[in-house]
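>>> Could you work out the structure for the sequence below:
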Amino acid sequence: MFTFAPTEGQSKAELHADLMEAARALTHDEPDAVANMANLAALLWQFLPDLNWAGFYRMVGDELVLGPFIGKPACIRIPLGRGVCGTAASTGETQLVPDVHAFPGHIACDAASRSELVVPVIRDGAVIAVIDLDSPSPARFDADDAHGVEMLAAEIASRI
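The predicted structure follows:
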């Protein structure tokens, strides 16, 4: 039985390091991408406070398709270049959005979301998925969060 949980009072750097260690432990020998994304979504939910959605969108053809997640039901398909997720997928760059209502073309799957962090997962130079984190709090995510999730995306790219 695994007991993966953040330690109270730890710094963001420590929290992201513990998240990375848990992600490695859960996905290291598992070849199934869906199982790994499901466990990673659960880890993100467990480790990162103040989220109302955590999960994956997968590149399927020329669009993003909903993958494993935790939160309210979500949009199933997102065209490249549309919304925060589609922008991250089309540019290959992390999108750190303090106010989703100010983001041009934001797709509101959950009206309670106020800020968003979307990190592309890149394998062999191509975006294969995005990690999408939503929060009901404005400006919930910062550069430290972006860096931590980028490191996680790089670590797990070969296992999803």
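
>>> What distance do you get for the most centrally placed residue in the chain to residue 58?
Centroid-nearest residue in the chain: residue 131, 2.5 Å away (criterion: CA atoms, centre = their mean). According to CB to CB, to the nearest Å, residue 131 stands 11 Å off from residue 58. Where C-beta positions appear, they are placed from N, C-alpha and C, glycine not excepted.

>>> Need the nearest residue in space to the residue nearest to the centre of the chain, chain neighbours excluded.
Excluding its sequence neighbours, the residue lying closest to residue 131 (CB to CB, 6 or more residues apart in numbering) is residue 119, at 4.6 Å.

>>> any idea which helix or strand comes after the helix or strand harbouring residue 25?
Taking DSSP states H and E as the definition, residue 25 sits inside helix 12-27. With elements assigned by DSSP H and E, the helix or strand that comes after helix 12-27 is helix 33-47.

>>> ok, back up a step: look up phi and psi at the residue nearest to residue 131.
Phi and psi for residue 119, reported as degrees, to the nearest 10, are phi -120, psi 120.

>>> for residue 139, same thing?
According to degrees, to the nearest 10, residue 139 has phi 50, psi 40.

>>> got the contact list for it?
Neighbouring residues of residue 139 by CB atoms under 8 Å, 6 or more residues apart in numbering: 98, 99, 115.
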